[in-house]
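Participant: I would like to see how this sequence folds:
(2 chains)
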Amino acid sequence: MELNCIGEMCPMPVIKTKKALQEMGENGAITVLVDNIEAIENIEKMVKDYTGCTYTTGESGENFTITITKGSGGLESNAKKESGSVVIISSDKMGKGSDELGETLLKMFIYSLTESDVLPNAIIFYNDGVKSTTSGSASIESLANLSEMGVDILSCGACLQYHDLTKSLEVGRVSNMYEISEILLNATNVITI
Amino acid sequence: MDYYVITFKSMNDALKAEKLMMGHGGTIIPVPTEISADCGFALRISSLEFVESNVFEFSETYEVSGKGKNKVVKKKDY
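Facilitator: As a prediction, the model looks like this:
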């Protein structure tokens, strides 16, 4: 079975692949064709969360492929871990009003997390928030420190693409709305900046 | 000692100092609660070279080591 997701924006390839896997019989296989490596990474993440699935990745011209074989165990999600606190940053500024003050406040907020005894499990950046995780951001050092301390730093892949910042990501990893919504639903505490 | 924290008379002085020190490893941080409970801006910097040559106006200099509960802040006397 083949699934063509050329030209589709994140998270559509992940959602379509998941749906196809759910509808497929035991030991079935599916090859997904996408035009960007982020989609492959996101599908890999999704597959790893399910038991009994194996996969191989490849390239086909300028496109990428991932072939997934569904195990006999079916699509049972691996035990979900509690997500604890999750911080959401959706802007390159903190609060409304002065831009200069807002940018400084956000930078200080991210810095203050590095000095805290209590850490969030994840920090999610979307929309203009991705300006904090990409080149030219004044928060790269703080975020790299947080990442080293075990905080998952996620940037929305579609947002990076929209702002043409995919190649400029300096810290953390690319995520998709599918994973972001799952993290939010599993979080015990969501802090929106 | 891990780094220095410089405090300022005004937020504007802090922002000005940060602009000057950005290329020299200076970054603006919230004033550590060990120094003041007020909400304010301070400059975190690893060397006092530019500070002591009075490139910008500031109030006090503190030496900081450790972090979180183990943070130690000491005022530098001149």
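
Participant: low-confidence ranges in chain A?
Facilitator: For chain A, applying pLDDT under 70 flags the ranges A:73-83.

Participant: and if you look at chain B?
Facilitator: B:39.

Participant: for the closest residue to chain A within it, grab phi and psi.
Facilitator: Minimum separation of chain B from chain A (C-beta to the nearest C-beta) falls at residue B:68, amounting to 4.2 Å. For glycine as for every other residue, the C-beta is placed from the backbone atoms N, C-alpha and C. Main-chain dihedrals, residue B:68, degrees, to the nearest 10: phi 60, psi -130.

Participant: relative to residue B:67, how far out is the residue nearest to it when sequence neighbours are not counted?
Facilitator: Leaving aside its sequence neighbours, residue B:68 sits nearest to residue A:117 (C-beta to C-beta, 6 or more residues apart in numbering or on different chains; 4.2 Å). Relative to residue B:67, residue A:117 is positioned 9 Å away (C-beta to C-beta, to the nearest Å).

Participant: strands along chain B, start to end?
Facilitator: Assigned by DSSP state E, chain B shows strands spanning B:3-7, B:27-30, B:41-45, B:61-65, B:72-75.

Participant: the last one pairs with which strands, parallel or anti?
Facilitator: With DSSP bridges as the test, strand B:72-75 is paired with strand B:61-65 (antiparallel).

Participant: CA atoms only: put the strand it pairs with into PDB for me.
Facilitator: Extracted C-alpha coordinates of strand B:61-65, given in PDB (Å, rounded to 0.1, in the frame of the first residue of the first chain):
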ATOM      1  CA  THR B  61      28.300  44.900  41.300                       C
ATOM      2  CA  TYR B  62      27.600  41.500  42.800                       C
ATOM      3  CA  GLU B  63      29.500  38.200  42.600                       C
ATOM      4  CA  VAL B  64      27.200  35.200  42.100                       C
ATOM      5  CA  SER B  65      27.900  31.500  42.500                       C
END
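
Participant: who has more neighbours, residue A:117 and residue B:67?
Facilitator: residue B:67 (14 against 8; other C-beta atoms under 10 Å in any protein chain shown).

Participant: for chain B, longest helix please?
Facilitator: Taking DSSP state H as the assignment, the helix of chain B that covers the most residues is helix B:11-21.

Participant: who are the packing partners of that one?
Facilitator: strand B:27-30, strand B:41-45 (3 or more C-beta pairs under 8 Å, 6 or more residues apart in numbering or on different chains; DSSP states H and E).

Participant: need the winner for burial among the ones you listed.
Facilitator: Comparing the helices and strands packed on helix B:11-21 by mean neighbour count (mean count of other C-beta atoms under 10 Å in any protein chain shown), strand B:41-45 ranks first with a mean of 23.

Participant: so which residues make contact with that strand?
Facilitator: A:104, A:108, B:3-8, B:11, B:14-15, B:17-18, B:21, B:24-32, B:35, B:51, B:58 (C-beta atoms under 8 Å, 6 or more residues apart in numbering or on different chains).

Participant: circling back: pretty sure the residue of chain B closest to chain A contacts residue A:114?
Facilitator: No - look at residue B:68 against residue A:114 with C-beta atoms under 8 Å: they stay out of range, at 9.8 Å.

Participant: ok, those two, which is more surrounded?
Facilitator: Each of residue B:68 and residue A:114 has its neighbours counted (other C-beta under 10 Å); residue A:114 has more, 20 against 10.

Participant: quick check: domain ranges of chain A?
Facilitator: Domain ranges of chain A: A:2-70, A:81-192, per automatic domain parsing.

Participant: what strands flank the helix or strand harbouring residue A:124, and is each parallel or antiparallel?
Facilitator: Using DSSP states H and E, residue A:124 sits within strand A:122-125. With DSSP bridges as the test, strand A:122-125 is paired with strand A:85-89 (parallel), strand A:152-156 (parallel).

Participant: please see if stretch A:165-184 touches chain B.
Facilitator: No - counting by C-beta under 8 Å from any C-beta of the partner chain, chain B has no neighbours in stretch A:165-184; the shortest distance is 15.4 Å.
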